[in-house]
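Student: Sharing a model that was predicted from the sequence below.
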Amino acid sequence: TATTASTTLPFVCIFFVAMIFHELAMESLTTSHADFEHLTTSITMFQFGFCIIVPLIFSGKGVLRDFPASIKELFTYIKLSAVVYGATALSTAS
């Protein structure tokens with residue numbers, strides 16, 4: 001619907017602009033600190049950590065309330081996290 005698109009569009013635009021700045025920062029880091037051997041790991045841990053910290057900061061206990069209750073539900077998130085972590089680490093390393 002039109003109202004859903006109009007409420008979602010600002011977030012899409014913010015995400016798009018943030019990703020451009022993110023890629024510019026990544027390129028700058030890998031160019032200026034190419035001799036730092038732990039750069040890939042540091043960047044990946046920083047990105048991954050913010051995926052946890054930012055929702056906790058902005059939604060407070062709402063994130064914890066919706067957290068998976070069983071190990072089976074949690075395992076789905078663990079698998080997804082491993083894939084995202086691996087993809088981020090591999091793309092940063094290349």
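Tutor: Everything's here; your move. This structure is a prediction, so every number in the text was calculated from the model and none was measured. Residues are numbered from 1 along each chain as shown.
Student: Would you point out the helix or strand in the chain whose mean pLDDT is lowest?
Tutor: Among the secondary structure pieces of the chain, namely its helices and strands, helix 61-65 has the lowest mean (mean pLDDT, DSSP states H and E), a mean of 72.
Student: what sits up against that one?
Tutor: Surrounding helix 61-65, the residues in contact under the criterion Cβ atoms under 8 Å, 6 or more residues apart in numbering are 55-56. Quick note: C-beta positions are derived from backbone N, CA and C, even for glycine.
Student: any idea which helix or strand comes after it?
Tutor: Next along the chain after helix 61-65, taking DSSP states H and E as the criterion, comes helix 71-93.
Student: Which elements pack onto that following helix?
Tutor: Of the remaining helices and strands, those touching helix 71-93 by 3 or more Cβ pairs under 8 Å, 6 or more residues apart in numbering; DSSP states H and E are helix 39-59.
Student: which other residues reach the helix it packs on?
Tutor: When contacts are defined by Cβ under 8 Å, 6+ apart, helix 39-59 is touched by residues 26, 29-30, 33, 36, 63-64, 81, 84-85, 88-89, 92-93.
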